[in-house]
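[1] sequence and predicted structure below; questions after.
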Amino acid sequence: MKKIFYPGLILTFAVSALAHYMHLGGPTTQFGLSALAILFAAGFMGKATESVAHYAGDRMGGFLNATFGNAAELIIAIFLIKEGLFDMVKASLTGSIIGNLLLVLGLSLLAGGIKFKEQRFNALLASHNASLMILGVIALFIPAMFLFEFGENSSKMETLSLVVSALLIIAYVLWLLFSMITHKKELSEQVETQPDHGESPVWSAKISVLFLALSTVMVAFISEWMVGTLESFSTQYGLSELFVGAFLVAIVGNAAEHSAAIMLAYKGKIGAAVEIAVGSSLQIALFVSPVLVFISFFGGNPMDLVFMPVELVAIAVSVFIAKSISQDGSTNWFEGALLLIVYLILGVAFYLI
């Protein structure tokens with residue numbers, strides 16, 4: 001695997017860079033090369049975070065995987081903001097949330113459920129995650145509700161978006177304080193189907209951190225190259241910014257979580273897999289989205305928190321079914337299949353818009 005993976009990482013990164021800087025091929029070729037390169041880079045990031053998790057523990061490992069996995073999403077979004085593609089930014093954020101709750105979690109439950117009849121994880125943690133997901137939905141619905149009252153270009157809408165963003169960031173910081181410090185013991189007692197803490201890490205702690213930083217830098221470069229092709233690519237194939245952002249960009253940008261969560265679930269570590277999938281969605285809704293609002297504001301081209309009705313419905317539906325499935329602290333392959341079916345339904349709907 002390593003003999004194939006590392007040359008593939010280097011080769012796809014080099015070819016993508018060559019196509020970008022030498023203007024080789026059209027938008028489709030450049031987009032395809034960038035997407036392939038970012039998949040390898042995200043896989044590299046996933047391996048590094050898994051190695052770091054060996055030293056930091058499953059709970060912290062899941063958090064680190066979600067954080068560095070979302071680094072790709074954040075970096076891509078920053079470059080989209082620079083290009084003024086706010087609709088695609090919001091679509092990619094929507095796609096990331098529903099992708100993690102439906103696709104990543106669904107594939108994880110399916111993969112783990114095929115090997116194990118039932119997998120259990122911390123029900124208390126699932127309950128708190130569900131409450132936070134509902135908070136995220138409420139925070140996204142409120143700006144959309146007041147859009148008609150304030151007007152799309154109103155300074156009041158800008159103020160509301162900034163205030164809501166600040167409060168969401170505070171809520172996320174409080175959650176980290178609650179889950180990682182004051183109630184760490186209660187939320188870390190996960191019941192694993194097949195705990196396997198005796199696995200040897202791929203790299204040492206220092207090398208793991210170094211590779212984590214290196215993979216983040218690689219993702220940053222590739223993200224800039226890919227963003228430069230998105231507008232031409234979507235126009236050439238008649239795809240809406242909503243579909244490109246919500247599905248293509250989101251799937252590519254979250255490749256690290258996809259691979260790591262599914263692999264952990266198959267090994268019987270469903271608690272860590274759920275932490276990656278659900279934790280990543282929470283991080284996007286409560287931290288990444290608000291941070292992007294502030295980045296756009298200080299960059300002189302403010303982006304509000306008003307999402308399209310179809311995006312809000314997709315997020316609400318995803319949160320509802322994910323909450324229903326995860327709240328009892330146990331899962332099986334059938335529940336994973338249900339999540340994937342909902343994801344496919346939304347995918348077809350987004351494609352037809």
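    Nice, thanks for sending it over.
[2] show me where pLDDT drops low in this structure?
    Scanning the chain for pLDDT under 70 picks out 1-5, 53, 57-59, 61-62, 69, 72, 148, 150-153, 188-201, 253-257.
[3] so where do the strands sit in it?
    119-120, 330-331 (DSSP state E).
[4] distance from the last one to the middle of the chain?
    When you say that, I think you mean strand 330-331. 22 Å (CA atoms, centre = their mean, to the nearest Å).
[5] for it, which helices and strands make contact with it?
    In terms of contacts (3 or more CB pairs under 8 Å, 6 or more residues apart in numbering; DSSP states H and E), strand 330-331 is packed against helix 105-115, strand 119-120. Just so you know, the C-beta spots here come from the backbone N, C-alpha and C atoms, and that holds for glycine as well.
[6] what pairs with the shortest one, parallel or antiparallel?
    This means strand 119-120. Strand pairing for strand 119-120, determined by DSSP bridges: strand 330-331 (antiparallel).
[7] which parts of stretch 207-225 are buried?
    Within stretch 207-225, the residues scored as buried using 16 or more other CB atoms under 10 Å are 208-209, 211-212, 215-216, 218-225.
[8] what do you get for stretch 333-352?
    333, 335-336, 338-340, 342-343, 346-347, 350.
[9] most widely separated two among those residues?
    333 and 350 (25.9 Å; CB to CB).
[10] any idea which residue of this protein is furthest from its center?
    residue 149 (32.0 Å; CA atoms, centre = their mean).
[11] which residues touch it?
    If a contact means CB atoms under 8 Å, 6 or more residues apart in numbering, then residue 149 has no contacts.
[12] now do residue 138 against residue 147, distance only.
    16 Å (CB to CB, to the nearest Å).
[13] ok, now residue 40?
    In terms of CB to CB, residue 40 sits 41 Å off from residue 147.
[14] can you count the residues close to the residue lying closest to residue 142 once chain neighbours are set aside?
    Closest residue in space to residue 142, ignoring its immediate chain neighbours: residue 164 at 6.6 Å, by CB to CB, 6 or more residues apart in numbering. Using other CB atoms under 10 Å, residue 164 has 20 other residues around it.
[15] in space, what's closest to residue 141 - neighbours in sequence excluded?
    Nearest non-adjacent residue to residue 141, counting by CB to CB, 6+ apart: residue 312, 6.0 Å away.
[16] just to revisit the earlier point, how about the helices and strands packed on strand 330-331, which one is nearest residue 329?
    strand 119-120 (5.8 Å).
[17] just to revisit the earlier point, residue 138 and residue 147: which is more packed in?
    A count of neighbours by other CB under 10 Å puts residue 147 above the other of residue 138 and residue 147, at 15 against 11.
[18] about what we covered before: CSV for the helices and strands packed on strand 330-331, including distance to residue 272 and mean neighbour count?
    Converted to CSV, the helices and strands packed on strand 330-331 look like this (distance: least, CB to CB, whole Å; neighbours: other CB atoms under 10 Å):
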stretch, distance to residue 272, mean neighbour count
helix 105-115, 10, 24
strand 119-120, 11, 21
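[19] indicate which one of these is closest to residue 13.
    helix 105-115 (25.9 Å).
[20] tell me which other helices or strands the longest helix anywhere in the chain touches.
    Longest helix in the chain, counting residues (DSSP state H): helix 205-236. With contacts taken as 3+ CB pairs under 8 Å, 6+ apart, helix 205-236 sits against helix 2-21, helix 27-56, helix 58-82.
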